[in-house]
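Trainee: sequence? don't have it. structure:
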């Protein structure tokens, strides 16, 4: 046939048409790319993280079950080993101490963990990054955690001072290490890792045992469980064995602090990896549908002619379908490229948050292929209805000139309004009203841009709320002091006498296992004064909750985990002191921000413990001028196990969140702008093509450029303005939805947007719309009057 | 070649019904040149659409050789148009993004025994404007590209709807010459719609339509060449 043409004439038409509307194609492709970027970014991170975690756990022999206890003799090891299903038992000595870190005014916390004098730990092996292993017989040598040495700019050879039993002991860092047990290392009771003030220190077992009177004994065990054996059974056996030795309740790997945090993050990444791209791709499909439907409406005469020439619906359908697929291909490829880049940036954040021997970014072919496939699917969905509707045009239409569009006076035009409207405004309103579905589609499209923006900005507000609740409403003490052992309430007087202390509130924390039917959780029961001034129990709105004289108040999430509500009874198994086991009524559930908290009136808790008023810590309000002497005294007080400082926690929290948020918000703003520009630009360009003739006629009749611009752009302005409230509504719903998914056992953050956030979102959308309008206005100015009027549409 | 019997076509138009054709009988013979003459709304376009497989009658029968166009489905009609019919539209309906050659190739690529686009364009005297886009061609040239596109497939029937309707006399004559040439040299049966009685002189047979009925048929003893036409 026509061998000289390398591609068919129809394909040429496709390419030239695409080139002609390249602006629109790019706008749609960009929206699609945004969805693919999100997918690739999140899922490649999930994939890289999961892969790294699995390898790390495997290589360093991360244990399956963990338990802490007061003290047990080494002879108990064989009994533990004899438990059915246990293959490896490793016992350790672990103790928290106060640290005096050079250059740090306030006291820090160190967790001393024993390592065997010879050989490596059987489980939870330490990864030595730098330096060497402590030498046998050198009790002053330690390995320090990498995040701590980094934060304090320390290296092997540097030393720190630990306050062990009231005596200052100089420890020399000989190596920098990491552990699978502390991929995420956080001081107990804090929300965000504070790497400057929390150190993991690995010390030779003999030295550590002798410092804490643990010779011939241990206070921490890790177990490896054989495949196929239910972990719960092993845990029950372990708990039975450890009970006489002050066992604090064994936990499976999935509840181990670091592993649990990682799991929560992984689940979140994978859910986000699907939900957020799904939203973007749905928007892209929608925009593509609207744009294609309108572009094809312009091609109606051509379509009819092609059908008259003998092209079938299938051939023409495929022709226009390819239009969408080409955009999807380019969008997907761009999306994978940008997503890979962004993914690599994001993994850098994880590298600061979670510590592995190496966390390398890897984009698996599977993720890339799925991303491209999703791009195609959304393009196909978007194109399908537009194309199938368009090719149904009867071919006989090719023989007819287009009849003038049907207009009528719009319903808003009462005679009075009509008089006040200019000719231009009347055209704008009638055009919108003539095709309400089309106007609605544009409004919804732009609204999606606004919605995504609102969600992005909303995260900042949510973080502000979190900070306000946690640090302003709840935690109003300047300093929290925890004691090594529970002490009588007279210890409070001692604390009150410390330099600069203006007021003190007692706190009692009791390790316990809460059981409700088959469900249980091991945690710390917090006993507080019923209506405290410093550390208060607050709900999401920041309202303080007065603790009832009897019964437990649980976080909403803990209620969910245990499947209990107000009035239900849980069995409290205390894991300390006389270890009472008592049923306790749930007096209330609190809608709070933190994950899993259980509160009780401090006196009720004392009665439950069958002891007088004891305290395990105190909340202090301090004169800022006296901080220095206070810290100096606390560093040297043997009874003090830890000191938490509100200001430091707040700064640290802000820093970490700022890092995370800047990236997320940056992404959101860029992508929302892409959507807004994409939709507005498309709407404008197509309106321009549709009405070029009409507008050119007006120019010939003597209308100025400004006047015809205002007809076209006025329409866009109305669409944009209508979209603003819709976008806020959709965004609010979307934000609620995402926050519900975002909720895990760590946080429950409400989705709250301030009026300022809404305003910023609107401003951004208006700017994006104005930008597109400007681009269209430039085209309008170049409108070739003669050419437009001569050619029949 | 065509046998149409008792064709009616009714369009619903809101609550009214428009009777475009009210029982028309029509025949077309191989190699014949027929002009359909009539005022607007007389039903001539509807008849042409039905002959061309663009539309189906409300009642009656249209048979093209052994194809019954009345009962043919969408796919069969597409196949029929593709293989047998060449269309020339009043407004040319060229694809603006394709050159003259490519517009013709659009058809030659999907039919069985086409001429080359170059041959077809040479036939209408446009051998020198192969790579021009529609926007770079005059109205008459565009219409001749449309004719080349219609005849490149060597159709059995060429259907032209007001081919000179948008053209001035000089250009119109050139277009009519091209149609005449195709009819004469290729022997393609040709139906031309016009409301311009002057063109009727070119035809073997002139069929007048009025208000959906055939008002009269006149066979020309002597035909006039396109050059001799004036309006």
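Mentor: That came through, no problem. Just so it is clear, the model here is predicted, and its values are computed rather than measured.
Trainee: Confidence-wise, which helix or strand of chain A is lowest on average?
Mentor: None of the helices or strands of chain A scores lower by mean pLDDT, DSSP states H and E than helix A:785-790, at a mean of 62.
Trainee: residue contacts, residue A:94?
Mentor: Contacts for residue A:94 (Cβ atoms under 8 Å, 6 or more residues apart in numbering or on different chains) come out as A:68, A:111-114, A:219-220. The way it works is simple: take the backbone N, C-alpha and C, and place the C-beta from them, glycine included.
Trainee: What of residue A:375?
Mentor: A:32-33, A:35-36, A:281, A:328-329, A:331-332, A:335 are the contacts of residue A:375 under Cβ under 8 Å, 6+ apart.
Trainee: go on, residue A:83?
Mentor: So, once contact is read as Cβ under 8 Å, 6+ apart, residue A:83 ends up touching A:223, A:234, A:237-238, A:241.
Trainee: One more pass at 7 Å, please.
Mentor: Counting by Cβ atoms under 7 Å, 6 or more residues apart in numbering or on different chains, residue A:83 touches A:234, A:237-238.
Trainee: ok, now residue B:179?
Mentor: B:147, B:160, B:163, B:190, B:192.
Trainee: Let's see that with 10 Å instead.
Mentor: B:33, B:88, B:124, B:143-144, B:147, B:150-151, B:158, B:160, B:163-164, B:188, B:190, B:192, B:199, B:202, B:226 (Cβ atoms under 10 Å, 6 or more residues apart in numbering or on different chains).
Trainee: Which ones among those also lie next to chain A?
Mentor: residue B:150 (Cβ under 10 Å from any Cβ of the partner chain).
Trainee: Let's see which of the contacts of residue B:179 end up in strands.
Mentor: Counting by DSSP state E, the contacts of residue B:179 place B:33, B:88, B:158, B:160, B:190, B:192 in strands.
Trainee: what's the longest helix in chain B?
Mentor: Identified as the longest helix of chain B according to DSSP state H is helix B:169-185.
Trainee: taking the mean pLDDT, what do you get for it?
Mentor: Averaging pLDDT along helix B:169-185 gives 87.
Trainee: Relative to the whole chain's centre, how far out is that helix?
Mentor: Put simply, helix B:169-185 sits 13 Å off its chain's centre (Cα atoms, centre = their mean, to the nearest Å).
Trainee: Return the closest of the ones in strands among the contacts of residue B:179 with respect to residue A:610.
Mentor: Set against residue A:610, the nearest of the ones in strands among the contacts of residue B:179 by Cβ to Cβ is residue B:88 (104.3 Å).
Trainee: what sits against the closest one?
Mentor: So residue B:88 contacts B:143-144, B:146-151, B:158-163, B:175, B:178-179, B:182, B:190, B:192-193 (Cβ under 10 Å, 6+ apart).
Trainee: Not counting sequence-adjacent ones, nearest residue to the residue most central in space within chain B?
Mentor: Per Cα atoms, centre = their mean, the C-alpha nearest to the average position across chain B is that of residue B:159, at 1.5 Å. In this structure, residue B:159 finds its nearest non-sequential neighbour in residue B:52, 4.8 Å apart by Cβ to Cβ, 6 or more residues apart in numbering or on different chains.
Trainee: show me what contacts the single nearest residue of chain B relative to chain A?
Mentor: For chain B and chain A, the shortest gap (Cβ to the nearest Cβ) falls at residue B:82, measuring 2.7 Å. Residues near residue B:82 by Cβ under 10 Å, 6+ apart: A:309-312, A:315, B:53, B:107, B:110-112, B:153, B:155.
Trainee: Kindly report the same for residue A:709.
Mentor: Contacts of residue A:709 (Cβ under 10 Å, 6+ apart): A:424, A:695, A:703, A:773, A:776-777, A:780-781.
Trainee: now do residue A:56
Mentor: With Cβ under 10 Å, 6+ apart, residue A:56 has these contacts: A:62, A:127, A:178-180, A:183, A:354-359.
Trainee: repeat for residue A:590
Mentor: Contacts of residue A:590 by Cβ under 10 Å, 6+ apart are A:537-540, A:543, A:545, A:547, A:553-556, A:558-559, A:597, A:599.
Trainee: Next, give me the two most distant ones among those residues.
Mentor: Within the contacts of residue A:590, two members stand farthest from each other by Cβ to Cβ: A:543 and A:558, at 18.9 Å.
Trainee: Who does the helix or strand where residue A:554 lies pair with, and is each partner parallel or antiparallel?
Mentor: Per DSSP states H and E: residue A:554 is located in strand A:552-555. Partners of strand A:552-555 in the sheet, by DSSP bridges, are strand A:581-590 (parallel), strand A:598-601 (antiparallel).
Trainee: Could you pull up the mean pLDDT of the shortest one?
Mentor: Think strand A:598-601. Mean predicted lDDT for strand A:598-601 stands at 94.
Trainee: Please apply the same query to stretch A:130-142.
Mentor: 90.
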